[in-house]
Each structure stands twice: as structure tokens, then as C-alpha cells.
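Engineer: dropping a prediction and its sequence here:
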Amino acid sequence: MNYSISDEAMARLPFWVTAPGETDGFLIIVGLVLVAVLLSFGALYFTVQAIPDRMAAGSHKVQMQLVGVLGLISLFTLNNAFWIAAILIAAVPLHEIFPLKTELDISETNDA
């Protein structure tokens, strides 16, 4: 059985129905929008993921490395606890939590 659609029937079809043998423009538009949305969400995800690294920039080398490693672990494991730990470590300087080295430096200068 060979079914064919007359020109009158094609004129009454809605705009999203494509004639046989023609390119489906709606599918192309939806595909392009989907790719754009996925790329924008990916860019947003990586921007948010880099917040701890930006916060730790300019601090001590050990603190920057620790924040970077925690950020990388959270990126690959999709575990938010590592990312939150990286934010907390980046927010508070390590020398304020562990002031032992500065106390040793002060005692050495007083002895000399």
C-alpha cells in the first residue's frame, strides 16, 4: 500500500510536521539548543568547581596544593564533601590554625 499526502492535506498540517524528503528544521534547532545548554552548564560547573582554587591563590604553597588536590578529588568522585573541605581550607589561612612554625621562628630570633 502506497500512501501519498495530497497538497491540500500538506497545507493543513502544522508547521512542525515536515514534508517527506525535506530537512526537519525543528529537530536541527532543538539539537543546537541542546548542545548550547549542555556546553553552558559544563562551563558553569567548571567555573563553580574552580572557586576554591581562586580563593587559595596567593596563599602558602602547601595550602594551594591541598586545596587543588581536594578540588581534583571532588571533580572526579562527584563528592561534595571534598569541595566543601577545599572551600573551608581556602577560606582560613593554615598559619592561623597551625601557628607552630611562627612560634618557632619567634623563639629562634629571641635566642639569637
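Structural biologist: Thanks, I have the structure now.

Engineer: only C-alpha atoms from now on, for both contacts and neighbour counts.
Structural biologist: Will do.

Engineer: what average pLDDT does stretch 46-61 get?
Structural biologist: Computed over stretch 46-61, the mean pLDDT rounds to 89.

Engineer: quote the end-to-end distance of that stretch.
Structural biologist: 22 Å (C-alpha to C-alpha, to the nearest Å).

Engineer: is Gly21 in a helix, a strand, or coil?
Structural biologist: Following DSSP: H, G, I helix; E, B strand; the rest coil, Gly21 is assigned to coil.

Engineer: kindly provide the distance from it to Gln63.
Structural biologist: 62 Å.

Engineer: give me the more crowded residue out of the two.
Structural biologist: The neighbour count for Gly21 versus Gln63, taken as other C-alpha atoms under 10 Å, is higher for Gln63 (21 against 6).

Engineer: quick check: that one touching Val92?
Structural biologist: No. Counting by C-alpha atoms under 8 Å, Gln63 stays clear of Val92, with 9.6 Å between them.

Engineer: which stretches of this structure have low pLDDT?
Structural biologist: 1-3, 5, 99-112 (pLDDT under 70).

Engineer: in which helix or strand would I find the residue positioned nearest the centre of it?
Structural biologist: For the chain, Tyr45 is the residue whose C-alpha lies nearest the centre (C-alpha atoms, centre = their mean; 1.7 Å). Assessed by DSSP states H and E, Tyr45 sits inside helix 25-49.

Engineer: ok now that helix, how far from the chain's centre?
Structural biologist: 13 Å (C-alpha atoms, centre = their mean, to the nearest Å).

Engineer: repeat that for stretch 67-84.
Structural biologist: The chain centroid and the centroid of stretch 67-84 are separated by 12 Å under C-alpha atoms, centre = their mean.

Engineer: in it, what counts as buried?
Structural biologist: Buried residues in stretch 67-84, defined by neighbour count with 16 or more other C-alpha atoms under 10 Å: 67-75, 82-83.

Engineer: how close does Asp54 sit to Ala90?
Structural biologist: Actually, residue 54 is Arg rather than Asp. According to C-alpha to C-alpha, Arg54 stands 9 Å off from Ala90.

Engineer: the more surrounded of those two?
Structural biologist: Shown here are Arg54 and Ala90; by other C-alpha under 10 Å, Ala90 has more neighbours (23 against 15).

Engineer: okay then, goodbye and thanks.
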